[in-house]
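Participant: okay, predicted coordinates and the sequence, questions at the end:
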Amino acid sequence: MKKQSITQYYRKHRKAIVTATSGLLYGGGWSLGYLTSFEMASAAILVLATIVGGYDIAKTAYHEVTNRTLGIKTLVTLAAIGAIVIGEYWEAAAVVFLFSLGSYLEGRTMRKTRTALQELLEMTPDTATVRRDGELQEIPAREVEEGEVVVVKPGGKIPVDGTVVDGESAVNQAPVTGESVPVHKADGDEVYAGTVNQEGALEIRTTGAGSDTTLERIIRRVEEAQEAQSPTESLIDRFAKYYTPAVIVLAIGAYAVTQNAILSLTLLVIGCPGALVIGPPVSIVSAIGNAARSGVLMKGGDHLERAGKIDLVAFDKTGTLTKGETTVADIEGFGVADGEVLSLAATAEKKSEHHLADAIVDAARERPTAATDGGATVAQADDTDASLQSVPDPDDFDVVAGKGVIAHVGVSGEAGGSSDESDGGHEVIVGNRALLDDRDIDIPSQVTDYVREREERGETVVHVIRDGDIIGAIAMRDELREAAPGVVAALRDAGIETVMLTGDNERTAAAVAEEVGREAGETGLRKRGGDAATQFDEYRAELLPEDKQSVIEAYQADGHVVAMVGDGINDAPSLATADVGIAMGAAGTDTAIETADMALMADDLERIPYAVKLSKATRWNVLENVGLAVLTVTVLLAGVLTSYVTLAAGMLVHEASVLLVILNGMRLLRY
Amino acid sequence: MSNTTQFRVLDFDCPTCASTVERALSNVDGVQHVEVHYATGRVEIEYDDSVADPDAFAQTIENQGYTPQPA
């Protein structure tokens, strides 16, 4: 047993032990030679140091050669053997020892980078308490079946993805979304594995367990992202493939010309592809890992490198700068009761999936006893839910993208979808000004005044038209996110232009843009003085979805590197067009993650300045690392050619540069 | 039948080391596809389980001087 544990200990710490032994022997051999005249003994110990430290290196070098992947260990082995052959025992031992020490430290620091994500996975508990056959059982979390009910105590970690079926609590979702503020969860709400139940007991019906949870999926994606090579990396990798053989050829050539063995062996050592190939991956893996822990999914090194060049961020207004919870603020009937306007509009909009449509339909459902308004013009199906009004289906309806809907309502029973409307129903149009213009509908000044007044408050107004006459208007409001002004100000302070894109009309857009600007001014984030500094550089209104794409293309044509922030579903085309597409609230939706280059797990706008700054920092970090690597090799090469640098010194500087590059990259883990 | 297994190697100390392990693993009988990532230390092996012996994978990685851990 004892022997077993010693073997295990040795296996686990083999690199450290080998390095230390080689170092001690090296020190001993050197002192012996320096202090005494036992030259033979000193040489023997130094050779032993070389063999102890070099055995593993030579073994890997052998594998490199047999697998035809010439690398650094082949070069080091050649250099050490060469040094021994020409009798430079001290150099041989020093090279091997310094290399072992360097790669031991490199391995250790890289381990930190490699395990940064594992910490996230460890957030998921190993066991789950499930209700089976009426009693509670504790089972491994991976074995929970879909549909089973899991009970999570207050303070416990949630072991599965699922839907709350009983209980109410605040859940800290930081591991998944990066949000530090707990989210209230009750019946019907979705919860994620790895998040922490902070207050009350929850019963959760499982939708995913084991490797099929949101957290696991995110981590898999993050790893794929870390492994995807950025352009810089693949360039360097291609270069490195030819580099090592070239160094060997160069060393042989140098020996042939100068007959100076030390010189050509030193060339082998300093020619090792070190900092150059290690630097960029470490920077990128660290940055992506850091982002993941803050709830930002970066899709890969190339996206990150592009994001580092962003100089303009375009925001979609609805659902991005605003909360995306549109509600009806006001209804105005023109010669018709408000209730009738609402219920007609609701019927026309019922099948539409637009967020304005949802707001209208919800308002119609919640309106108390709308029937007394005489609002329903048609025979409607009788209510099933006492507290909610039912909204009848339209006979047919058409969406005019970015403008509104045209529907036919009130035709009784027979096979719906008839395009022939001459049978007693009404044509109802719910839409914006553009749709009215398309249809040549007159707009009385009374309507225009109302619309202007509401739009100046930042509300969105739709007109309701029955058989060609405007019978009313509905004003809707979508509150600005509290974070929006601060985010715009932070980006501007970072020297990035901001733009707001919206399908809304000019006046509403102006009102919202002004609100953002005003509040940004009030938060005191202004640094450059003058109001303009905290407002959008520009806003574009009345954009159809495809217009947003062309606006982005126009900015790109002007030489901007454009990021577009949107919800990832409606804005998918513009996210794809932008240099960097950033999707919000992506935790639950795989489509958003697919289309975007960067995905914010939560609806947390404040992550955007962070993500943009992190990308910039990463880009600089990669450049620093490449610069440092090139500088090191150049200085070393000059040193070798002028005979200032020999084997040991070359190795020392080389290993130091590699470590420096790794440590520099790892700064991004704590950015 | 094709099967997939993963390891994590935390002690890769140079990018070439990862490529060397990748080459070595792809020479193991029955291995159809191997990916070894230096940056994350992740090793993914796709193999024909009627031919390949999964124990041989960990052994191969160890032979190259690295410590495989189950992922």
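Facilitator: Now that the structure is in, tell me what you want to look at. Residues are numbered from 1 along each chain as shown, chains lettered A, B, ... in the order given.
Participant: how close does residue A:616 sit to residue A:255?
Facilitator: 46 Å (CB to CB, to the nearest Å). All C-beta spots, glycine's among them, are computed from the backbone N, C-alpha and C.
Participant: and if you look at residue A:120?
Facilitator: Residue A:120 sits 52 Å away from residue A:255, going by CB to CB.
Participant: quick one, grab the pLDDT at the residue of the stretch 1-150 of chain A found nearest chain B.
Facilitator: With CB to the nearest CB as the measure, residue A:71 is the residue of the stretch 1-150 of chain A nearest to chain B, at 2.7 Å. Here, the pLDDT recorded for residue A:71 equals 80.
Participant: if I pick it, what's in contact with it?
Facilitator: Shown in contact with residue A:71 (CB atoms under 8 Å, 6 or more residues apart in numbering or on different chains): A:64, A:244, A:273, B:14-17, B:19-20.
Participant: one more time with 10 Å
Facilitator: A:60-61, A:63-65, A:240-241, A:243-244, A:272-273, A:277, B:14-20 (CB atoms under 10 Å, 6 or more residues apart in numbering or on different chains).
Participant: what does residue A:629 give?
Facilitator: Here residue A:629 is in contact with A:236, A:273-280, A:654, A:657-658, A:660-661 (criterion: CB under 10 Å, 6+ apart).
Participant: go through those residues and name the one nearest chain B.
Facilitator: Nearest to chain B among the contacts of residue A:629, with distances taken as CB to the nearest CB, is residue A:277, at 4.9 Å.
Participant: in three-state terms, label that closest one for me.
Facilitator: Recorded secondary structure, residue A:277: helix (DSSP: H, G, I helix; E, B strand; the rest coil).
Participant: isn't it right next to residue A:234, touching?
Facilitator: No - using CB atoms under 10 Å, residue A:277 is not in contact with residue A:234, being 11.2 Å away.
Participant: of the two, who's got more company?
Facilitator: A count of neighbours by other CB atoms under 10 Å in any protein chain shown puts residue A:277 above the other of residue A:277 and residue A:234, at 24 against 14.
Participant: chain B contacts on the stretch 301-450 of chain A?
Facilitator: Within the stretch 301-450 of chain A, the positions near chain B by CB under 10 Å from any CB of the partner chain are residue A:301.
Participant: dump the residue contacts of residue A:14.
Facilitator: A:56, A:104, B:11, B:65, B:67.
Participant: in helices only, show me those.
Facilitator: Among the contacts of residue A:14, the members falling in helices (DSSP state H) are A:56, A:104.
Participant: output the contacts of residue A:14 in CSV; the columns should cover pLDDT and distance to residue A:504.
Facilitator: Converted to CSV, these look like this (pLDDT from 0 to 100; distance: CB to CB, whole Å):
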residue, pLDDT, distance to residue A:504
A:56, 88, 66
A:104, 88, 61
B:11, 82, 56
B:65, 80, 63
B:67, 85, 59
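Participant: could you dump the contacts of residue A:14 into TSV with neighbour count and distance to residue A:541 added?
Facilitator: Listed next are these as TSV, based on neighbours: other CB atoms under 10 Å in any protein chain shown; distance: CB to CB, whole Å:
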residue	neighbour count	distance to residue A:541
A:56	18	67
A:104	19	61
B:11	21	57
B:65	21	63
B:67	19	60
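Participant: flag the least confident of the contacts of residue A:629.
Facilitator: Within those, pLDDT is lowest for residue A:273, at 71.
Participant: so that residue belongs to a helix, correct?
Facilitator: No - the assignment for residue A:273, made by three-state DSSP, is coil rather than a helix.
Participant: check contacts around it.
Facilitator: Residues near residue A:273 by CB under 10 Å, 6+ apart: A:70-72, A:75, A:236-237, A:239-241, A:243-244, A:247, A:629, A:633, A:658, B:14-16.
Participant: low pLDDT regions in the stretch 1-150 of chain A?
Facilitator: Counting by pLDDT under 70, the stretch 1-150 of chain A has low-confidence residues at A:1-3.
Participant: where do the strands sit along it?
Facilitator: Ranges of strands within the stretch 1-150 of chain A are A:127-132, A:135-140, A:149-152, based on DSSP state E, counting those that start in this stretch.
Participant: re earlier: mind checking which of the contacts of residue A:71 are buried?
Facilitator: Buried subset of the contacts of residue A:71 (neighbour count, 16 or more other CB atoms under 10 Å in any protein chain shown): A:60-61, A:63-64, A:240-241, A:243-244, A:272-273, A:277, B:14-20.
Participant: now, those that are in helices?
Facilitator: Counting by DSSP H, the buried ones among the contacts of residue A:71 contribute A:60-61, A:63-64, A:240-241, A:243-244, A:277, B:15-20 to helices.
Participant: what's the farthest-apart pair in those residues?
Facilitator: Pairwise distances across those (CB to CB) peak at 19.0 Å, for the pair A:63 and A:243.
Participant: near chain B, which residues of the stretch 51-200 of chain A show up?
Facilitator: So the stretch 51-200 of chain A meets chain B at A:55-57, A:59-74, A:99-100, A:102-118 (CB under 10 Å from any CB).
Participant: show me which of those are buried.
Facilitator: A:56-57, A:60-61, A:63-64, A:67, A:69-74, A:99-100, A:102-107, A:109-111, A:113-117.
Participant: what pLDDT does residue B:13 get?
Facilitator: 79.
Participant: which ones are touching it?
Facilitator: Residue B:13 touches A:15, A:60, A:72-73, A:99-100, A:102-111, A:278, A:658, B:38, B:65-66, counting by CB under 10 Å, 6+ apart.
Participant: can you report phi and psi for it?
Facilitator: Dihedral angles of residue B:13 (phi, psi; degrees, to the nearest 10) stand at phi -110, psi 0.
Participant: all strands of chain B, in order?
Facilitator: B:2-9, B:31-36, B:42-48, B:68-70 (DSSP state E).
Participant: is it true that residue A:247 touches residue A:270?
Facilitator: Yes - Residue A:247 lies in contact with residue A:270 (CB under 10 Å); the separation is 8.8 Å.
Participant: how about stretch A:327-336, which residues are buried there?
Facilitator: A:328-334, A:336.
Participant: what's across from the residue positioned nearest the centre of chain A in the sheet?
Facilitator: By CA atoms, centre = their mean, chain A has its centre lying nearest to residue A:297, at 2.0 Å. Taking DSSP bridges, one finds residue A:599 as the beta-bridge partners of residue A:297.
Participant: which ones are touching it?
Facilitator: Contacts of residue A:297 by CB under 10 Å, 6+ apart are A:178, A:218-219, A:221-222, A:225, A:288, A:291, A:583, A:586-587, A:592-593, A:596-601, A:611.
Participant: quick one: contacts for residue A:513?
Facilitator: By CB under 10 Å, 6+ apart, the contact list for residue A:513 reads A:317, A:321, A:458, A:488, A:498-500, A:502, A:535-536, A:538-539, A:541.
Participant: redo those as JSON lines? Include neighbour count and secondary structure.
Facilitator: Converted to JSON lines, the contacts of residue A:513 look like this (neighbours: other CB atoms under 10 Å in any protein chain shown; DSSP: H, G, I helix; E, B strand; the rest coil):
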{"residue": "A:317", "neighbour count": "28", "secondary structure": "helix"}
{"residue": "A:321", "neighbour count": "27", "secondary structure": "helix"}
{"residue": "A:458", "neighbour count": "24", "secondary structure": "coil"}
{"residue": "A:488", "neighbour count": "30", "secondary structure": "helix"}
{"residue": "A:498", "neighbour count": "25", "secondary structure": "strand"}
{"residue": "A:499", "neighbour count": "21", "secondary structure": "strand"}
{"residue": "A:500", "neighbour count": "26", "secondary structure": "strand"}
{"residue": "A:502", "neighbour count": "24", "secondary structure": "coil"}
{"residue": "A:535", "neighbour count": "23", "secondary structure": "coil"}
{"residue": "A:536", "neighbour count": "25", "secondary structure": "coil"}
{"residue": "A:538", "neighbour count": "15", "secondary structure": "strand"}
{"residue": "A:539", "neighbour count": "23", "secondary structure": "strand"}
{"residue": "A:541", "neighbour count": "18", "secondary structure": "coil"}
